[in-house]
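Asker: sequence? don't have it. structure:
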């Protein structure tokens, strides 16, 4: 079952159960997926769907941080609710130890020795790890291992 189908089924359930917060989040996900489909960039595959969800989650995290700093608990609660919803559709993040093991394997495969070789390691790490970690976390671990 594709992500779009799962979202549409969840929208139906949320409408029946009158869960307005969940419904709002699901409709936003569906909207972003439809926008990607109609943007003319071709077929939206699973990797593209994952990328869209990760981007949305990152936006919610950033907004949540800002709202909490400004003591806007009402807006922070909405962002937190949407972030939790998005995380149900994202893969479980890998731990730092698991990431290090995978990145060490990639470094050994590519023969990377210094920071100049980060360009060889980063794309392979993103491809292999996928949605298991965000780019910033990957970058930090790669920098640590290559320095």
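Answerer: Yep, that arrived. Quick caveat: nothing in here was measured; it's all calculated off a predicted structure.
Asker: alpha carbons only for contacts and neighbour counts from here, please
Answerer: Will do.
Asker: Tell me how far residue 7 lies from residue 137.
Answerer: Here the criterion is C-alpha to C-alpha, to the nearest Å. By it, residue 7 lies 28 Å from residue 137.
Asker: same question but for residue 15, I mixed them up
Answerer: When C-alpha to C-alpha is the yardstick, residue 15 and residue 137 sit 37 Å from each other.
Asker: So between residue 7 and residue 137, which is more surrounded?
Answerer: The residue with more neighbours, out of residue 7 and residue 137, is residue 7; 19 against 12, by other C-alpha atoms under 10 Å.
Asker: Which strands and helices lie in contact with the helix or strand hosting the more buried one?
Answerer: Assigned by DSSP states H and E, residue 7 belongs to helix 3-17. Using 3 or more C-alpha pairs under 8 Å, 6 or more residues apart in numbering; DSSP states H and E as the contact criterion, the secondary-structure elements in contact with helix 3-17 are helix 20-38.
Asker: Show me what secondary structure element comes after the helix it packs on.
Answerer: Going down the chain from helix 20-38, the next helix or strand is helix 46-69, by DSSP H and E.
Asker: Now do the SS call for residue 91.
Answerer: Taking DSSP: H, G, I helix; E, B strand; the rest coil as the rule, one finds residue 91 in the coil state.
Asker: residues contacting it?
Answerer: With C-alpha atoms under 8 Å, 6 or more residues apart in numbering as the criterion, the residues that contact residue 91 are 131, 132.
Asker: what's it sitting at in phi/psi?
Answerer: The phi and psi values for residue 91, taken as degrees, to the nearest 10, are phi -70, psi 160.
Asker: how far away is it from residue 24?
Answerer: Residue 91 is 21 Å from residue 24, by C-alpha to C-alpha.
Asker: List the buried residues in the helix holding residue 7.
Answerer: For helix 3-17, the buried set under the neighbour-count rule, 16 or more other C-alpha atoms under 10 Å, comprises 3, 7, 10, 11, 14.
Asker: Now tabulate the residues you listed in CSV and tack on distance to residue 56 and pLDDT.
Answerer: Below are these laid out as CSV (distance: C-alpha to C-alpha, whole Å; pLDDT from 0 to 100):
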residue, distance to residue 56, pLDDT
3, 15, 84
7, 15, 91
10, 18, 92
11, 18, 92
14, 20, 91
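Asker: Let me see the mean pLDDT of stretch 134-147.
Answerer: Stretch 134-147 shows a mean pLDDT of 84 in the predicted model.
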